[in-house]
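Asker: model this:
(one chain, ligands or ions: 2)
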Amino acid sequence: MLTMKDIVREGHPSLTTIADEVTIPLTKEDKQLLGDMLQFIKNSQDEEIAQKYGLRAGVGLAAPQLGLNKRLIAVHFEDGRGKKYSYGLANPKIISHSVEKAYLPSGEGCLSVDRNIEGYVPRYARVTVKAINMDGEVIKLRLKDYAAIVFQHEIDHLNGIMFYDHINQQNPFFIPEYAKPIE
Ligand SMILES: O=C(O)C[C@@H](Cc1ccccc1)[C@H](O)SCc1ccccc1
Ligand code: NI
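Answerer: Residues are numbered from 1 along each chain as shown. Ligands and ions are numbered 1, 2, ... in the order given. Prediction:
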């Protein structure tokens with residue numbers, strides 16, 4: 001099972017590298033990896049398992065966070081309306097997005113960042129993501145608000161972008177026009 005020792009931290013080159021697409025159809029290894037990544041996220045949200053193995057709670061994970069140069073992500077969370085999202089995805093791509101932006105008033109964190117970084121992370125309020133799921137099907141997800149933020153955070157990892165790259169350096173709590181808080 002994956003644990004925190006498998007997660008690379010700031011300074012590791014894979015966090016600032018553009019990851020390579022994985023071959024489709026998914027190899028057995030890539031399918032297994034997606035399964036392991038999804039299981040890690042689920043484990044990280046299970047109090048007992050997280051405590052036993054010292055896992056930091058997370059809602060998403062990208063393969064570059066394991067030092068792997070592959071465009072693979074896993075997410076497992078419920079949005080503010082109780083809608084559940086649980087996916088292992090290959091080659092996810094944002095194919096359209098809103099002009100409107102959104103941000104989490106509490107800012108963001110990252111399993112690969114062992115420090116608190118304050119500031120708002122402006123992201124698109126709505127995105128449409130096209131990807132291959134673990135069954136090898138092409139899926140299209142229309143995401144908004146919290147779900148849109150989680151997927152953008154993970155897809156950023158595939159492009160070597162960290163959440164703090166989006167924070168306004170002059171004023172970390174600057175709110176760009178058209179940006180709405182996601183409570
Ligand atoms: O490092 C990662 O990619 C996992 C992040 C993803 C994330 C952070 C902030 C906002 C959206 C997604 C972890 O989930 S950070 C810890 C966390 C745990 C529960 C809720 C939000 C953030
Ligand atoms: Ni992260």
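
Asker: Tell me what R142 is bridged to.
Answerer: R142 forms beta bridges with T128, as assigned by DSSP bridges.

Asker: burial of it, as a residue count?
Answerer: Other residues within reach of R142 by the criterion other CB atoms under 10 Å amount to 11. No exception for glycine: its C-beta is placed from N, CA and C like everyone else's.

Asker: thought it was touching K130?
Answerer: No: judged on CB atoms under 8 Å, R142 makes no contact with K130 at a distance of 10.6 Å.

Asker: Could I get the CA-only coordinates of stretch 72-79 as CSV?
Answerer: Output of stretch 72-79 as CSV, limited to C-alpha atoms (Å, rounded to 0.1, in the frame of the first residue of the first chain):
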residue,chain,number,x,y,z
LEU,A,72,-2.4,9.8,-14.0
ILE,A,73,-4.6,11.2,-11.1
ALA,A,74,-6.9,9.9,-8.5
VAL,A,75,-9.6,11.8,-6.6
HIS,A,76,-12.0,10.7,-3.9
PHE,A,77,-14.2,13.3,-2.1
GLU,A,78,-17.7,14.7,-1.6
ASP,A,79,-18.5,18.2,-2.8
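
Asker: shared neighbours, R142 and K130?
Answerer: Shared contacts of R142 and K130 (CB atoms under 8 Å, 6 or more residues apart in numbering): none.

Asker: what residues does the protein put near ligand 1?
Answerer: Counting by CB under 6 Å from any ligand atom, the residues of the chain close to ligand 1 are 57-62, 108-112, 149-150, 153-154, 157.

Asker: among these, which are in strands?
Answerer: G60, L61, A62 (DSSP state E).

Asker: could you list every residue that touches the last one?
Answerer: If I follow you right, that is A62. Contact partners of A62, counting by CB under 8 Å, 6+ apart, are A19, L72, I73, E154, I155, H157, L158.

Asker: so which of the residues you listed is the most crowded?
Answerer: I73 leads the contacts of A62 on contacts (other CB under 10 Å) with 30 neighbours.

Asker: Any idea which residue is closest to the centre of this protein?
Answerer: Central residue of the chain (CA atoms, centre = their mean): E154, 2.3 Å from the mean position.

Asker: Distance check, that residue against P172.
Answerer: 22 Å (CB to CB, to the nearest Å).

Asker: go on, R123?
Answerer: R123 is 15 Å from P172, by CB to CB.
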